[in-house]
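> what's the 3D shape of this:
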Amino acid sequence: MNRKTFGSSIEDNKISEIIRIQNILNKIPFENIFDGDLGQFLNDLSKTNSISNEFIVCPLLTAVSHLMKKSDVTALSSLQEQCVFYSALIANPSTGKSSALSLVKKSLWELENYLNIPRNKSSLINAGTVEALLTHLEGNSCLISLFDESATFMSSFGMYKNSDGKYDRSVYLELYTGPSGYDRTLSGNRHFIEMPRFNLCVLGHFSDYIDFVRQEKKIKDDGLIQRFHLCAPEPKFYQSEEMMSVPKLKYSLNVLFFIILKMNRLKVNYKLEPKAHELFCTVYDRYKQFCMIFGQKYDLFLAALCGKTASQILRVSMFIHSLKKSHSIMMMIKSKFIDVDIMVLNKKLENIVNKLTDKHESYYLISETTLKKSITLVDFFNKNKLAFAEYLEIDFNQDFFSILDFLTRFEFTSCRLIDSEKSKLARKILLFHCSKSLSFSANIINQRQKVKNVTSVIEAMQYLNTIKCGKFNEKEVFLID
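As a prediction, the model looks like this:
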C-alpha cells in the first residue's frame, strides 16, 4: 500500500462513513407537528418553494421564538424557560436547506419593513465575532441569526484572539439560558445587556456535524452541541408539475408572524393546562432519572442530553402553541372580517389583531395535545443527535424512553473516537509494509514505536479494523490493500 493509496483509502472510508450515518439519519421517522389547515398551509408553502416540509421546521421555530421576545413558560414550582432556540438543519448541498432558511428570513424582513425598521437596525444579524454580537445586543436585546453555513459560525470562535474558542462558546452557552441580565468584559469593553434573547439557526453538512458531535462526546463536556436541536430529515424533491399544482395560498407567513409578535408585545407568562402539566411532570421525572443513571455510568454525553431535554420540551411547546394560536386568530379574522386582506400586512388588519390579542388569558394556556407534539419533535431531534454521536446499535423506530432504557443496559465501545495519538499510530502501522498484505502483532508494533502502553497499540489496531483497512483478531492486525 503506497502513500497515495493510503490517502485515497482514508478519504474513501470517510465518505463511506458519512453515507452510512446519513442513511441511518434519513430513516429516523419524522411525524408532522402541525395538523389541519395550518399543517396544510405549511406543506403547500414548502412545496410551492420546492422545499421539504421537514426542512422548514428549524428556521420556522427559531423565528417564532425570536418574535415571542421576552415571554416565558413556567412549569413545576420553579422551572421557567425563556424564548431561546438553537437549531441546525443538516443535509447535502442543493437539497433545499438555503431555500427553507431564505423563506423564513424573507418573511421576517418584510415584517420589519412594515414596522419601518431600517435594515441597519434589523434584528436579523450574523455577527462575525462574539464582541460584535454583544455590541449589537446592547442596542437591541432581541436578535436572531440565520447562518447559511455552520462552518462559518463555528469557525468564528476564538477569531482574532489566537484561542481555542472556549471563551466565545461560553458566551453562547450563557445566552442560551435567557438570563435576566448579561455582564461581561471582552477586549477591554464592559457589556451589560438586560434580558438578552438570542435565537440561532444554522445550516450544515453531515461531515461537519459528525465532527462537531463526536468532539463534544469525546471531551465528555456538557457543551454547546447539547443546546442545539439537530434536524437531518430525508429531503424530498418535487417535480415542476407538483409545484405548479399547489392551490393558491389563502394567507401568508408574514401575517402569522405579525400576530405572534402582537400576542407577545408585552411579556407573557405561558403555562400548561392541568393535564399537560401532569404529563410534563412525568416526563421531567423520567429524564432526571436517566440523567442520574448515565452520570453514574460516566456517559456524560447522554447525561447532558437527558438533563436538557425536559426544559427543551417545555420551550418548544411554547413555540408550537404560539404558532397554532396565531393561526386560530387569523382564521377568526378570515371568517368575521371578510373584507380584510390576510395576504399582506396592512393597518386595518393591524387594528383588528391588536384588539383580538389584548388581554386574552386563554391564549396563554398550553394544551396536552401541544405538549405531546413538542415531546415528539424533541424526541426526533434527540434521535438525530444520538445517530451523529454513533449510538448506532439501536432501533430508532422505538419511542425515545425505550431507546434510553436500552442504552442504560448496553455498553458502547466505539473505537472510532480514539485520540490523535492512536490515530497517528494507526497511520504508521499502515505505512510499515510494502507488500499487498502483512500481519503485525501488538507487541512487535509496541517495540518498534516505543509506545508506553500496549493497549494504545491494540486500540489503534481496532481502529484500522473499523475503517476497513485491516482485520483485527485478538492482538494481531492483518492489513488489507
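> please enumerate the helices of the stretch 1-150 of the chain.
3-26, 36-48, 57-67, 97-114, 130-139, 150-154 (DSSP state H, counting those that start in this stretch).
> among these, which comes closest to K383?
When those are compared by Cβ to Cβ, helix 3-26 sits nearest K383, at 8.6 Å. The C-beta positions use only the backbone N, C-alpha and C, and glycine is treated the same way.
> which helices and strands sit right next to the longest strand seen in the chain?
Across the chain, the longest stretch assigned as strand under DSSP state E is strand 197-204. Under the contact criterion of 3 or more Cβ pairs under 8 Å, 6 or more residues apart in numbering; DSSP states H and E, strand 197-204 touches helix 57-67, strand 86-90, helix 97-114, strand 142-147, helix 150-154, helix 166-176.
> export those to CSV and tack on mean neighbour count, distance to L266 and mean pLDDT?
Listed next are these as CSV, based on neighbours: other Cβ atoms under 10 Å; distance: least, Cβ to Cβ, whole Å; pLDDT from 0 to 100:
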stretch, mean neighbour count, distance to L266, mean pLDDT
helix 57-67, 27, 13, 98
strand 86-90, 25, 25, 96
helix 97-114, 19, 18, 96
strand 142-147, 20, 14, 95
helix 150-154, 17, 32, 75
helix 166-176, 17, 22, 88
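> so the longest helix seen in the chain versus helix 57-67, what angle?
Looking across the chain with DSSP state H, the single longest helix is helix 300-336. Here the directions of helix 300-336 and helix 57-67 differ by 70 degrees (axes from the mean of the first three to the mean of the last three Cα atoms, to 10 degrees).
> helix 300-336 vs helix 36-48, what angle?
Going by the same axes, to 10 degrees, helix 300-336 makes 100 degrees with helix 36-48.
> report the buried residues of helix 300-336.
Within helix 300-336, the residues scored as buried using 16 or more other Cβ atoms under 10 Å are 300-327, 329-331, 333.
> and stretch 107-119, how far out from the chain middle?
Relative to its parent chain, stretch 107-119 has a centroid offset of 26 Å by Cα atoms, centre = their mean, to the nearest Å.
> give me the residues contacting that stretch.
63, 66, 122-124, 144, 252-254, 257-258, 261, 345 (Cβ atoms under 8 Å, 6 or more residues apart in numbering).
> and for stretch 132-143?
By Cβ under 8 Å, 6+ apart, stretch 132-143 touches 66, 69-70, 121, 123-125, 127, 145, 171, 182, 184, 186, 191-199.
> and this structure, what are its domains?
25-409, 420-479 (automatic domain parsing).
> lowest average pLDDT across those domains?
Lowest mean pLDDT of the domains of the chain: domain 420-479, a mean of 49.
> beyond the longest helix of the chain, next helix or strand please.
helix 347-356 (DSSP states H and E).
> now do that following helix against helix 97-114, angle only.
Going by the same axes, to 10 degrees, helix 347-356 makes 90 degrees with helix 97-114.
> list the buried ones in helix 347-356?
L349, I352, V353, L356.
> make CSV from those residues and add distance to F206 to it.
Output for the buried residues of helix 347-356, formatted as CSV (distance: Cβ to Cβ, whole Å):
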residue, distance to F206
L349, 42
I352, 46
V353, 42
L356, 44
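> ok so, going back, out of the domains of the chain, flag the one nearest N13.
Taking these one by one with Cβ to Cβ, domain 420-479 is closest: 4.4 Å.
> just send the helices and strands packed on strand 197-204 back as CSV, with distance to I338 too.
Shown next, in CSV, are those (distance: least, Cβ to Cβ, whole Å):
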stretch, distance to I338
helix 57-67, 27
strand 86-90, 37
helix 97-114, 22
strand 142-147, 34
helix 150-154, 45
helix 166-176, 44
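> who wins for proximity to H229 among the ones you listed?
strand 86-90 (4.5 Å).
> tell me the contacts of the residue most central in space within the chain?
In the chain, the centroid-proximal residue (Cα atoms, centre = their mean) is H229; its distance is 2.4 Å. Neighbour list for H229: C58, F85, Y86, S87, A88, Q312, V316, V378, F381 [criterion: Cβ under 8 Å, 6+ apart].
> one more time with 10 Å
57-58, 61-62, 85-89, 201, 312, 315-316, 377-378, 380-382, 384-385 (Cβ atoms under 10 Å, 6 or more residues apart in numbering).
> before we move on, back to that, quick one: buried ones out of the contacts of stretch 132-143?
66, 69-70, 123-124, 127, 145, 171, 182, 184, 186, 191, 193, 196-199.
> what's the most buried one of the domains of the chain?
Most buried of these, by mean neighbour count (mean count of other Cβ atoms under 10 Å): domain 25-409, with a mean of 18.
> how far out from the middle of the chain is that one?
8 Å.
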